[in-house]
Every structure is written in C-alpha cells, then in structure tokens.
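1. heads up, no residue letters with this:
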C-alpha cells in the first residue's frame, strides 16, 4: 500500500464530515510523501505499518474519531523525517504537531544518536501521554509485535521484547482502567506478547 487513494480508503475518509474529510486528505498526502522511500527492516514499505495501526485502531479497538485515526497514520512521521515538521504544521496545525512531538523520542526530534539517558527520558515521556496518544502508541506496539517474527535482526527482537516488558506492558496495565479502548489495547497487547514468547520457546 503505497498510494494515497488506498490510504484514504483505509482511513475511511469518504465517510467523514467536512472539514474532517479535508484533513484526512491532507494527512494522507503527507503520509504517502513522508514515508515514501523508507522501508522497515523486513524490507517492506514503511507506510504499511502506520496503515495497519489505523486498522487496529478502527477494527480492533473500536475507534472512529477522525483526528485519532489521522494521529495513528502519522504517528511516526517526525521520527522518520523530523524535517517534515513545518509541512505537517502547515497542513494540520500546531496542536497536531505538538501531539506528534509528544509521541516521538527526543533523540529523533533532535536528529542525534541515542544516548543512555534517552531510555528513561522516553519512558517518562510515554507516561505523560494523554489517553488518545497512549492508545495510538499501544496500537503501534501491537502491530510491531505481530510483525516482529519477520524481522531478520535477532538483537532488534530482543530489544523490542525487553522494552515491552519493562515499559509498555506495565503502562498498558496501569492505564487500562482509564477507558474501554485502553483496556482492549492492554488485553490485545498481552495476548500478542504471550503468543510471541510461546512461539519463540
């Protein structure tokens, strides 16, 4: 999935009222442009990942709010391309960029190598997320966990599972009482984690 019409269909933009429909079209154009040329370590187009995150939010977590789905689509935009921030702000506004920045590791935003202190900083940043932003990040973890078996890098798999047990699963468990979607995300993430560990055993 690398073209705007397919992404627009996945978002469900045609069923949205205006002005959300126009925001959806702008977000789709941004996503296809920003993620273009980038691939996952599995060799697949990067755009496939945020589109799957949108599908998880819609189909498995029951979300239909256009702004939340747009956030899901662009959740990695500033991590992939920090220089795209002015374009995102121009098309979707300062508040949207603020939300994206809150979901993006500082070393990515600052375009520098990751340092040891960044681990704790990122953990604290995730804990400070609002419910919607946290839900998107958990949907991101769910998709990454499902796709982990396709990664050719065993070290990446180990790092991912370690961060999941140290940060994301405890956080998801703690905040599952906040809303029904967050509870569903916790249960889904926990199930996927158990299956991943069982499959690796």
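-> Nice, I can see it. From a predicted model like this one, the values you see are computed outputs, not experimental measurements.

2. Excluding covalently adjacent residues, which one is nearest to the residue most central in space within the chain?
-> Centrality entry for the chain: nearest residue to the mean C-alpha point is residue 140, 3.9 Å, by C-alpha atoms, centre = their mean. Distance criterion C-beta to C-beta, 6 or more residues apart in numbering; nearest residue to residue 140, sequence neighbours excluded, is residue 53 at 5.4 Å. From N, CA and C alone the C-beta is placed, and that goes for glycine too.

3. what pLDDT does that neighbour get?
-> Here the pLDDT value assigned to residue 53 is 97.

4. Likewise for residue 200?
-> 64.

5. Kindly report the same for residue 179.
-> 96.

6. Contacts only, for the nearest residue to it once chain neighbours are set aside.
-> Spatial nearest neighbour of residue 179, chain neighbours left out: residue 131 (5.9 Å); criterion: C-beta to C-beta, 6+ apart. By C-beta atoms under 8 Å, 6 or more residues apart in numbering, the residues touching residue 131 are 175, 178, 179, 182.

7. is it true that the residue nearest to the centre of the chain lies in a strand?
-> No. Residue state for residue 140 (DSSP: H, G, I helix; E, B strand; the rest coil) corresponds to helix; a strand is not indicated.

8. Could you pull out the buried residues of the longest helix belonging to the chain?
-> The longest helix of the chain (DSSP state H) is helix 180-200. Using 16 or more other C-beta atoms under 10 Å as the test for burial, helix 180-200 gives 181, 182, 183, 184, 185, 186, 188, 189, 192, 193, 196.
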